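Engineer: Below: sequence and its predicted model.
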Amino acid sequence: MKIKNIARKMLTPKPSEFVSAQTDIFLKRLKPRPFVTDYIRGVYDNNVKPNVTDDTVTLSVLTDTHAKALASASYYGINGARHIIEANNVSDAVHLDLNVHLGDLIDGSDKPEISRGLLQFAVENYQRSKAPYYILEGNHDENDKYDEHRFFGSASFHRDDYDSLVTKYNFEQPEIHRLNPVSKVGWYDKKDIRIIFIDTSDIPYILSNGSKKYDFKKVRGVREQQLEDLTAILEKTIDKHVVMMGHANIISPSGRSALNFNGDLVQRLLVAFNNKDSGQLKNELTGDFGVNLRYDFSSTGISKVTTYICGHMHYEKNYKVSEINHIILNCSALMGKKHGLTTDYNKKWDRRYNEISELAGYFINIDPNKLRLQIFGYGAATRYVSFEI
């Protein structure tokens, strides 16, 4: 009851700076719950640790935490931020290689000063962790849900808000690389393994009479510059086992684009890389999402992209298209059984506040010697699945 009262007071309309300060105070009161961290640590010790060697890469992965400045016992709320704290607490204790958040850190439905505070809080928690981290941008992370619900005629987030609060800190870490200071493609290497991160919310920030031309929440895509950077990175990827990660799924099981723009082109590029092809990647569009570029993957040795991992859909699924595994992970945010927007997948878990089912997260172990990628889920997640790489 005390937490609910604090949240209720915090959401009472006040001057922006005071609301932001209240949010900051509220977030700083969040602590990891021992029953949760003990449980996650047990999953690691019993299931993951036996597979960890100097040659493998082991990741802690969360997605779709949808943090809101609200104490909710049935759906999205501040519990999303707590899930980050708890996952990173265990990551520190067991010395993982990398922490990854696949996007939708926030729900994007709070006042802009509150949403910025939630983003900042999450990044600061990752920064305090011992392992390097990478946070991908989700379609909710530009706060468009707030604008949409209030029919605002202006954008609540400025052009550089997300980049200045989140993206730039990814690349201040020596373990995380990109081609140039503005590239949206990042990568992480350990021995024979390369993990490449792409931005599936690569949408131009264009204003018309104060409103955005594109709604970031509803539109997902990848633009030519990002595909060009990805091509350059892949052309220089020699004898590596490559795993790709993004927020949203790029193609459907039938091979059709699952993004509004150019998801199929990403898949075509990865297939060309695996086949050591040279050629041209082009679509029929012009303007913001037109693509016309060349590639040459003839000198990449035994390198192969075997897997693309994402979140966004709020369920679990995996399928193979052109010999590439596409894996969708469940959302960490609480989705109570009786909430109207809860997916059928999460209704089956009957997720409940302050129980293990409240959260969902994963450890991923990539083993180049056994040619195997293993996913160990906890909370509202499948306990184990394995893929060949």
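Structural biologist: That came in fine, so what should we check first?
Engineer: how close does the most centrally placed residue in the chain sit to residue 346?
Structural biologist: Central residue check for the chain by CA atoms, centre = their mean: the C-alpha nearest the mean position is that of residue 102, 1.0 Å away. Remark: distance between residue 102 and residue 346 (CB to CB, to the nearest Å) = 17 Å. Every C-beta, even on glycine, is put in place using the N, C-alpha and C of the backbone.
Engineer: Helices of this structure, residue ranges please.
Structural biologist: 2-10, 16-28, 34-43, 79-94, 112-128, 144-150, 161-162, 168-170, 224-235, 263-274, 344-349 (DSSP state H).
Engineer: one step back: how about the residue nearest to the centre of the chain, what does it touch?
Structural biologist: Residue 102 makes contacts with 61-64, 136, 138, 245-247, 309-312, 329, as judged by CB atoms under 8 Å, 6 or more residues apart in numbering.
Engineer: Selection in PyMOL covering whichever of those residues are buried, please.
Structural biologist: Burial among the contacts of residue 102 is assessed by 16 or more other CB atoms under 10 Å; the matching PyMOL selection reads:
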select buried, resi 61+62+63+64+136+138+245+246+247+309+310+311+312+329
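Engineer: What is the nearest of the contacts of residue 102 to residue 366?
Structural biologist: Of all the contacts of residue 102, the one sitting nearest residue 366 is residue 309; the distance, using CB to CB, is 10.5 Å.
Engineer: so what's the closest one bridging to?
Structural biologist: Following DSSP bridges, residue 309 is listed with bridge partners residue 245, residue 327.
Engineer: mind checking pLDDT for it?
Structural biologist: According to the model's per-residue confidence, residue 309 sits at a pLDDT of 99.
Engineer: That one contacts residue 364, doesn't it?
Structural biologist: Yes. Residue 309 is within contact range of residue 364, at 7.4 Å (criterion: CB atoms under 8 Å).
Engineer: Common neighbours of those two, please.
Structural biologist: Shared contacts of residue 309 and residue 364, defined by CB under 8 Å, 6+ apart, are found at residue 61.
Engineer: Isn't residue 382 up against residue 317?
Structural biologist: No. Counting by CB under 8 Å, residue 317 is not a contact partner of residue 382; they are 10.3 Å apart.
Engineer: Spatially nearest residue to residue 65 (excluding sequence neighbours)?
Structural biologist: Nearest-residue entry for residue 65: residue 80, 3.5 Å, with adjacent residues in sequence omitted and distances by CB to CB, 6 or more residues apart in numbering.
Engineer: my bad, should have said residue 89
Structural biologist: Once its chain neighbours are removed from consideration, residue 89 has its nearest residue in residue 32; the separation is 4.5 Å (CB to CB, 6+ apart).
Engineer: what residue ranges in the protein score low on pLDDT?
Structural biologist: Confidence mapping of the chain against pLDDT under 70 gives the ranges 1-23, 25, 151-153.
Engineer: contacting residues for the residue nearest to residue 65?
Structural biologist: With contacts defined as CB under 8 Å, 6+ apart, the neighbours of residue 80 are 65-68, 105-107, 332-334.
Engineer: Rebuild those residues as TSV, extending it with neighbour count.
Structural biologist: Output for those, formatted as TSV (neighbours: other CB atoms under 10 Å):
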residue	neighbour count
65	33
66	27
67	31
68	26
105	32
106	30
107	27
332	32
333	27
334	31
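Engineer: Just put these in TSV and tack on distance to residue 43.
Structural biologist: Formatted as TSV, the entries for the contacts of residue 80 read as follows, by distance: CB to CB, whole Å:
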residue	distance to residue 43
65	18
66	22
67	23
68	27
105	23
106	26
107	27
332	14
333	19
334	19
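Engineer: Could you tell me how many residues sit around residue 213?
Structural biologist: As a burial measure, the neighbour count of residue 213 was computed by other CB atoms under 10 Å and equals 12.
Engineer: Can you verify my assumption that it contacts residue 206?
Structural biologist: Yes. The criterion here is CB under 8 Å, and residue 213 meets it with residue 206 at 4.0 Å.
Engineer: Which residue is the nearest non-sequential neighbour of residue 369?
Structural biologist: Excluding its sequence neighbours, the residue lying closest to residue 369 (CB to CB, 6+ apart) is residue 55, at 5.7 Å.
Engineer: Quick check: that neighbour touching residue 192?
Structural biologist: Yes. Counting by CB under 8 Å, residue 192 is a contact partner of residue 55 at 7.4 Å.
Engineer: ok, the closest residue to residue 362 other than its chain neighbours - contacts?
Structural biologist: Setting aside the residues directly before and after it, residue 362 is nearest to residue 61 in space (CB to CB, 6+ apart), at 4.5 Å. If a contact means CB under 8 Å, 6+ apart, then residue 61 has 100-102, 309, 329, 361-364 as its contacts.
Engineer: Going by distance to residue 186, which of those residues wins?
Structural biologist: Nearest to residue 186, judged by CB to CB, of these is residue 100 at 10.8 Å.
Engineer: Please name the bridge partners of that closest one.
Structural biologist: Going by DSSP bridges, residue 100 is paired in beta bridges with residue 61, residue 134.
Engineer: Next, count neighbours for it.
Structural biologist: When counting by other CB under 10 Å, one arrives at 25 neighbours for residue 100.
Engineer: again with residue 206
Structural biologist: Residues near residue 206, counting by other CB under 10 Å, number 11.
Engineer: ok now do it, which residues does it touch?
Structural biologist: Applying CB under 8 Å, 6+ apart, the residues contacting residue 206 are 212-214, 288.
Engineer: List just the nearest of the residues you listed to residue 223.
Structural biologist: Scanning these for proximity to residue 223, where the rule is CB to CB, the winner is residue 288, at 6.9 Å.
Engineer: Give me the neighbour count for the residue lying closest to that closest one once chain neighbours are set aside.
Structural biologist: Counting by CB to CB, 6+ apart, residue 288 lies nearest to residue 204, which is 5.3 Å off, once chain neighbours are set aside. Applying other CB under 10 Å, we find 14 other residues in the vicinity of residue 204.
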